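S.K.: What shape does this take:
(one chain, ligands or ions: 1)
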Amino acid sequence: MNDRHLLSIADLGREGIEDVMRTADSFREVAGRSIPRVPALRGKTVATLFFEASTRTRLSFETAAKRLSADVMSFAASSSSLEKGESLRDTVETIDAMGVDAMVVRHRSSGVPAQVTAWTSACVINAGDGQHEHPTQALLDCYTIREALAQRRGTEDSQNGADFAGLRIGIVGDVKHSRVARSNVLAFSALGAEVVLVAPRTLMPPSLDGWPVKATADLDSVIPDLDVVYLLRIQAERAGQVLLPNLDEYHERYGLTRERSNRLAAGALVMHPGPMIRGVEIAPEVADLPSSLVTRQVRNGVFIRSAVLFHLLGAADSGEAIDA
Ligand code: NCD
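M.R.: Okay, the predicted model is just below:
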């Protein structure tokens, strides 16, 4: 991973994804120390620019940056001069002028992180842009699957991307508006998994041309064959129209109910990027079963984001040791 920015999973390809996962292993080890901090990014400043709501992604990036000893600058649109009418460009150039090395950007419009690269000399990381992409979410999801499969084999050692060959992953729910789905389709298929999208017609993208996936509207027909069920939230904030007649009916047909979870293959994994709406895409009690990796995904997010910052800010190339 040599590029200066991380805007899409397509920037990485299979090798780049595997590289990040290997580095994340080192940060998992660091997290187990009594002082879980390394000096690799001492003197660097990471700014988080969130123009849209977030809990886990923002805290995860900030924790990751602090574990690398970087300084963190935190910008929230709702308490900024944007409220007074300042433009996005002026906001970015103002933050750039203070001297930052990386900008982590979330925005409700697709393409904003790419646009920001023209206004700053800092590395830019896409932390979710509209319904386009959310690459670090996909990386932490790949990492979480790889870890769970390694543990199933009874070893901490993973075979990296090789674990994904032939794996059947169902992405279920509001695929149409989901940046997580787009990044995950690219990442899972780059590693060799088979992806099936499951959604009613109103929540499926109008065209799947060029997507390396199968698609169905019938969750029950695929449930027993899946190794991973990846659930998505209905992105009400991105839907321009009312998409569903009612949420109970959605839960009935597309939710991971207790009854459906009993029909999953033994050892099948359940994932969700959060925020999870219990009772809609997942039954409350199913979310807490041991097969559910939701909190593991959050924990691994810190290791993955540490790895991404470590690579992009040049520490990997300059031979900076993680455990120095
Ligand atoms: C996702 C997002 O914001 O794209 N959440 C996250 O970052 N973990 C998914 C969602 O909001 O449903």
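S.K.: What separation do you get for the residue nearest the centre of the chain and Ile125?
M.R.: The structure's the chain has its C-alpha centroid closest to Gln137; by Cα atoms, centre = their mean the separation is 0.7 Å. Relative to Ile125, Gln137 is positioned 12 Å away (Cβ to Cβ, to the nearest Å). Backbone N, C-alpha and C define where each C-beta goes, glycine included.
S.K.: contact partners of stretch 278-290?
M.R.: Contact with stretch 278-290 is made by 172-173, 231-234, 247, 250-251, 254-258, 261, 270, 272, 276, 292, 294, as judged by Cβ atoms under 8 Å, 6 or more residues apart in numbering.
S.K.: The residue of the chain most remote from its centre: what's it in contact with?
M.R.: In the chain, the greatest distance from the average C-alpha position (Cα atoms, centre = their mean) is reached by Lys84, at 31.6 Å. With Cβ under 8 Å, 6+ apart as the criterion, no residue contacts Lys84.
S.K.: Report the separation between it and Ala77.
M.R.: Separation of Lys84 from Ala77 (Cβ to Cβ) stands at 12 Å.
S.K.: how close does the closest residue in space to Ser81 that isn't next to it in sequence get to the ligand?
M.R.: Excluding its sequence neighbours, the residue lying closest to Ser81 (Cβ to Cβ, 6 or more residues apart in numbering) is Thr91, at 6.9 Å. According to Cβ to the nearest ligand atom, to the nearest Å, Thr91 and the ligand sit 20 Å apart.
S.K.: and Thr91, which of the three is it?
M.R.: Three-state call for Thr91 (DSSP: H, G, I helix; E, B strand; the rest coil): helix.
S.K.: For it, give me its contacts.
M.R.: Going by Cβ under 8 Å, 6+ apart, Thr91 touches 49, 75, 80-82.
S.K.: Reformat those residues as JSON lines; add neighbour count and distance to Val298.
M.R.: Shown next, in JSON lines, are the contacts of Thr91 (neighbours: other Cβ atoms under 10 Å; distance: Cβ to Cβ, whole Å):
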{"residue": "Leu49", "neighbour count": "27", "distance to Val298": "21"}
{"residue": "Phe75", "neighbour count": "19", "distance to Val298": "22"}
{"residue": "Ser80", "neighbour count": "15", "distance to Val298": "27"}
{"residue": "Ser81", "neighbour count": "12", "distance to Val298": "32"}
{"residue": "Leu82", "neighbour count": "16", "distance to Val298": "28"}
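S.K.: From the contacts of stretch 278-290, pick out the ones that also neighbour the ligand.
M.R.: Filtering the contacts of stretch 278-290 for proximity to the ligand by Cβ under 6 Å from any ligand atom leaves Arg233.
S.K.: Show me just the buried residues among the contacts of stretch 278-290.
M.R.: Among those, those classed as buried by 16 or more other Cβ atoms under 10 Å are 172-173, 231-234, 250-251, 254-257, 261, 270, 272, 276, 292, 294.
S.K.: Not counting residues beside it along the chain, what's closest to Phe75?
M.R.: Spatial nearest neighbour of Phe75, excluding adjacent residues (Cβ to Cβ, 6+ apart): Leu49 at 4.8 Å.
S.K.: Pretty sure that neighbour sits in a strand.
M.R.: Yes - counting by three-state DSSP, Leu49 falls inside a strand.
S.K.: Please list all residues in contact with it.
M.R.: 75, 91-92, 95, 103-106, 116.
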